[in-house]
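> I would like the atomic coordinates for the input below:
(4 chains)
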Number of protein chains: 2
Amino acid sequence: MNIGDVAARSGLPAKTIRYYEDIGLVRPQRDPNGYRAFREQDLHKLAFLGRARGLGFSIEDCRNLLHLYEDETRTSAEVKDIAQHHLDEIDAKIANLREMRDTLSDLVRCCAGDDRPDCPILESLGSEPETK
Amino acid sequence: MNIGDVAARSGLPAKTIRYYEDIGLVRPQRDPNGYRAFREQDLHKLAFLGRARGLGFSIEDCRNLLHLYEDETRTSAEVKDIAQHHLDEIDAKIANLREMRDTLSDLVRCCAGDDRPDCPILESLGSEPETK
DNA sequence: ATAAGGGTTCCAGCAACTGGAAGGTCAAGG
DNA sequence: CCTTGACCTTCCAGTTGCTGGAACCCTTAT
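Numbers count the residues shown, from 1 in each chain, chains lettered A, B, ... in the order given. Got it, this is the predicted structure:
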């Protein structure tokens, strides 16, 4: 399989696949002409990576998850640990974004959005946050 | 005011303030010795930027908001437009993260987290998503 | 004289790609 | 046989918003 096929079948851009090779996540063989030659196994790895990235895992997490995936002697505790940490981070991010959104949607709601210059959004950004 | 004072009073790291000068968000004057000399006005701008960044606005949005803030002929519609776009993006991010979290928390919940190798998390990452 | 605690510049690096340039390879069509 | 087009290759630069560090200057106190 050439990179284009793998890209189509894994859903990852060819650029990304090359990048993953660069950083050592996959090691496709090479044809005599220099083209990357992917086996089913490589495709499977890339699909794994695509799904892990889709769940928001960092590249380093992905690397570790992949190692565990291929390590028969792993424990599910190791995997769960990584996932739990990531879950905590996601929750933190959501909480953070929600706070932004709440503040911001209040401001947007209060803004007339007409052609006058008065704007509660700018007023709020321009002054100390009194309520906290 | 030197940069340290402004950092303390604005809550922004000195590095960040220098960076903001680099990209043209503030233009402090200079003392004869080469030190940046901030006026109250500059501090005010930086505080504005800090709050806008705190709401998650991109630097470019911040730049535009700052221009509008200082432009007497602005319309609140222009401001609201920027804020509304940003709000939409935040909502999209939250939705995205929530989906990740839902999937991930299911997986974490199903994982024993013991010293056996069987792990639904890895199994899920290793196989086609059947539902959906 | 020197030491501490400011300040300055510039360069590199983070994450995870993405775009683009310059060029090699291959199969099909005229 | 040559060309065209669609592949593939490498390498370099840019993205976002800083952050760390090196090497150096300025000021004040001891």
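
> in stretch A:67-84, what counts as buried?
Going by neighbour count (16 or more other CB atoms under 10 Å in any protein chain shown), the buried part of stretch A:67-84 is A:68, A:69, A:74, A:75, A:76, A:78, A:79, A:80, A:82, A:83, A:84. To be clear about C-beta, it is placed using only N, CA and C from the backbone, and glycine gets the same treatment.

> wait, what's in contact with the nearest residue to the fifth one once chain neighbours are set aside?
Leaving aside its sequence neighbours, residue A:76 sits nearest to residue B:119 (CB to CB, 6 or more residues apart in numbering or on different chains; 4.0 Å). Residues counted as contacts of residue B:119 (CB atoms under 8 Å, 6 or more residues apart in numbering or on different chains) are A:68, A:74, A:76, A:79, A:80, B:111, B:112.

> ok, the third one - contacts?
Which is residue A:76. B:111, B:112, B:113, B:114, B:115, B:116, B:117, B:118, B:119, B:121.

> do that again at 10 Å, thanks
Residue A:76 sits next to A:68, B:110-122 when contact means CB atoms under 10 Å, 6 or more residues apart in numbering or on different chains.

> go on, residue A:78?
So residue A:78 contacts A:64, A:65, A:67, A:68, A:71, B:113, B:115, B:117, B:119 (CB under 10 Å, 6+ apart).

> again, but for residue A:37
Going by CB under 10 Å, 6+ apart, residue A:37 touches A:1, A:2, A:3, A:28, A:29, A:30, A:31.

> Just the buried ones out of those, please.
For the contacts of residue A:37, a burial check counting by 16+ other CB under 10 Å picks out A:1, A:3, A:28.

> Outline the domain layout of chain A.
A:1-55, A:75-132 (automatic domain parsing).

> Among these, which comes closest to DNA strand C?
DNA strand C lies closest, by CB to the nearest atom of the strand, to one member of the domains of chain A: domain A:1-55, at 3.4 Å.

> chain center to the closest one, what's the gap?
On the basis of CA atoms, centre = their mean, to the nearest Å, domain A:1-55 sits 17 Å off its chain's mean C-alpha point.

> Could you find the closest non-adjacent residue to the residue nearest the centre of chain A?
Within chain A, one residue has its C-alpha closest to the average C-alpha position: by CA atoms, centre = their mean, that is residue A:56, at 3.6 Å. Nearest residue to residue A:56 in three dimensions, chain neighbours excluded: residue B:100, at 4.8 Å (CB to CB, 6+ apart).

> For burial, what's the neighbour tally of the one you found?
19 (other CB atoms under 10 Å in any protein chain shown).

> and it, helix, strand or coil?
Per DSSP: H, G, I helix; E, B strand; the rest coil, the secondary structure class of residue B:100 is helix.
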